[in-house]
Each structure stands twice: as C-alpha cells, then as structure tokens.
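Turn this into a structure:
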Amino acid sequence: MSASRFLLRTGLLSKFTRRAFATEVAISPVPKLEHYSPVEMERNDIAEALVEKAKKPWTELSKEDKIAIYRASFPYTIEAMAEEESHTKGIVGAVSIMLAISITFFLFLKKFVSAEAPRTINEEWAQATVEKLKKNRANPITGVSSE
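I've put the predicted structure just below:
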C-alpha cells in the first residue's frame, strides 16, 4: 500500500504506465487491412481495352466505342462543367422555414405564456411620476444652469 502511495506521490506511476502503453503499441503487430472503399474501383482491364481501341483508326470504331473512349478521357462534358450546382433554393427555403417557425413560436409565447404588462408601464403612470418628482423637488437644478 505504501509503495503505491509513493509511486502516486512522486509521479513515477504515470511515467511507467505511459512507457508501458507506448511500448505495447510499438510491439504489437500492425494488421494489414484490405482496401475497402465505397468509391468505385478503377477497372484497368476496361481502360487498357479502350486504349487499344483508340490506337486503331477511328473510322473503324463504333459510335459507342468512340463515346466510351471520350468518356474515359474526359469524364465531364463542357455543359456539365459549365453548369454550377446551386444551393440557393435549399438555403432560402431552410431560412424561410426557420424564420416562420421562429415567428410562430414568438407569437405563441406572446399570446399564451407572457404575463400582462405591469401597471407602471403606461403613459398615465409616467406623467404621475414626473408630477410627483416636481412636487417633491427631486434633483433640482441649481447654479448657473438653473438661470
């Protein structure tokens, strides 16, 4: 018991455990993972076949082969590259929906949850307060400014 207290007090226990974890990770074998990816894998056999077809005279190729060779070289058409993906409609729609929800929530709270305004918040009360201050001479202006 006293040995563990000594190790904790001096900080040696944390050094030993840190070193043990570091060596354990370094000694353990690294597993070899196969390549799993949701992305389509390149089909080299198809690409090589298209390269061989492209070496032949293009007049002998069918229309489908020409299109396949073109698509292999240029994955996007000029129109597809020029066309920008616009997120404006989605953003405006999301902001409008959030604004409508916020306004509806505010009106609900205002109508059903909020209490009535205090009796001191009205024009009559403010005028009465000013008259009372004048009557009691609260904060009178004296000196050069009073003239």
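
pLDDT on stretch 96-114, on average?
Stretch 96-114 shows a mean pLDDT of 95.

next one: stretch 47-66
84.

Equivalent analysis for stretch 136-147, please.
Mean predicted confidence for stretch 136-147 is 76.

So for that stretch, what gets flagged as buried?
Residues of stretch 136-147 classed as buried: none (neighbour count, 16 or more other CB atoms under 10 Å). C-beta coordinates here come from the backbone N, C-alpha and C atoms, glycine included.

Let's see the longest helix along the chain as PDB, backbone CA atoms only.
Longest helix in the chain by number of residues, with DSSP state H as the criterion: helix 88-108. Extracted C-alpha coordinates of helix 88-108, given in PDB (Å, rounded to 0.1, in the frame of the first residue of the first chain):
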ATOM      1  CA  THR A  88     -29.600  28.800 -53.300                       C
ATOM      2  CA  LYS A  89     -33.100  27.300 -53.400                       C
ATOM      3  CA  GLY A  90     -32.400  25.000 -50.500                       C
ATOM      4  CA  ILE A  91     -30.700  27.700 -48.400                       C
ATOM      5  CA  VAL A  92     -33.500  30.200 -49.000                       C
ATOM      6  CA  GLY A  93     -36.100  27.500 -48.200                       C
ATOM      7  CA  ALA A  94     -34.400  26.400 -45.000                       C
ATOM      8  CA  VAL A  95     -34.000  30.000 -43.800                       C
ATOM      9  CA  SER A  96     -37.700  30.800 -44.600                       C
ATOM     10  CA  ILE A  97     -38.900  27.700 -42.700                       C
ATOM     11  CA  MET A  98     -36.700  28.600 -39.700                       C
ATOM     12  CA  LEU A  99     -38.000  32.200 -39.800                       C
ATOM     13  CA  ALA A 100     -41.600  31.000 -40.000                       C
ATOM     14  CA  ILE A 101     -41.100  28.600 -37.100                       C
ATOM     15  CA  SER A 102     -39.400  31.300 -35.000                       C
ATOM     16  CA  ILE A 103     -42.200  33.900 -35.600                       C
ATOM     17  CA  THR A 104     -44.900  31.300 -34.900                       C
ATOM     18  CA  PHE A 105     -43.100  30.300 -31.600                       C
ATOM     19  CA  PHE A 106     -42.700  34.000 -30.600                       C
ATOM     20  CA  LEU A 107     -46.400  34.700 -31.300                       C
ATOM     21  CA  PHE A 108     -47.400  31.600 -29.300                       C
END
